[in-house]
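Student: Next comes the sequence, and after it the predicted model I'd like to discuss.
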Amino acid sequence: MAEKTVGIKGMTCGHCEGRVSKEIMAIPGVIKVVASAENGNAIISADSEIPQDSIERAVQAAGYSIVP
């Protein structure tokens with residue numbers, strides 16, 4: 001199992017966390033997502049390495065952006 005932490009800009013509340021989690025969970029292979037507005041990140045667990053561009057597209061679809 002692979003785990004990756006990505007910084008996310010713009011999350012401010014639980015609703016934001018839910019939107020980000022929902023979009024990232026739609027990526028094939030993702031098992032679990034823990035998004036944190038307080039920490040400004042999401043911890044993604046997957047059964048294999050998930051391409052960064054897939055994560056970026058999912059975060060953008062939720063209305064947020066990746067912190068470089």
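Tutor: Looks like it arrived, so ask away.
Student: who touches I24 in this structure?
Tutor: V30, V33, A35, A42, I44, I55, A58, V59, A62 (Cβ atoms under 8 Å, 6 or more residues apart in numbering). Yep, even glycine has a C-beta here, placed from its N, CA and C like the rest.
Student: go again using 10 Å as the cut-off
Tutor: Listed by Cβ atoms under 10 Å, 6 or more residues apart in numbering, the contact set of I24 reads 6, 8, 30, 32-33, 35, 42, 44, 46, 50, 54-55, 57-59, 61-62.
Student: do you know how far it is from K9?
Tutor: Distance, I24 to K9, by Cβ to Cβ, to the nearest Å: 15 Å.
Student: do the same with I43
Tutor: Noted for I43: a distance of 16 Å to K9, by Cβ to Cβ.
Student: following the host helix or strand of D53, which helix or strand comes up?
Tutor: Here D53 sits within helix 52-61, counting by DSSP states H and E. Per DSSP H and E, helix 52-61 leads on to strand 65-66 as the next helix or strand towards the C-terminus.
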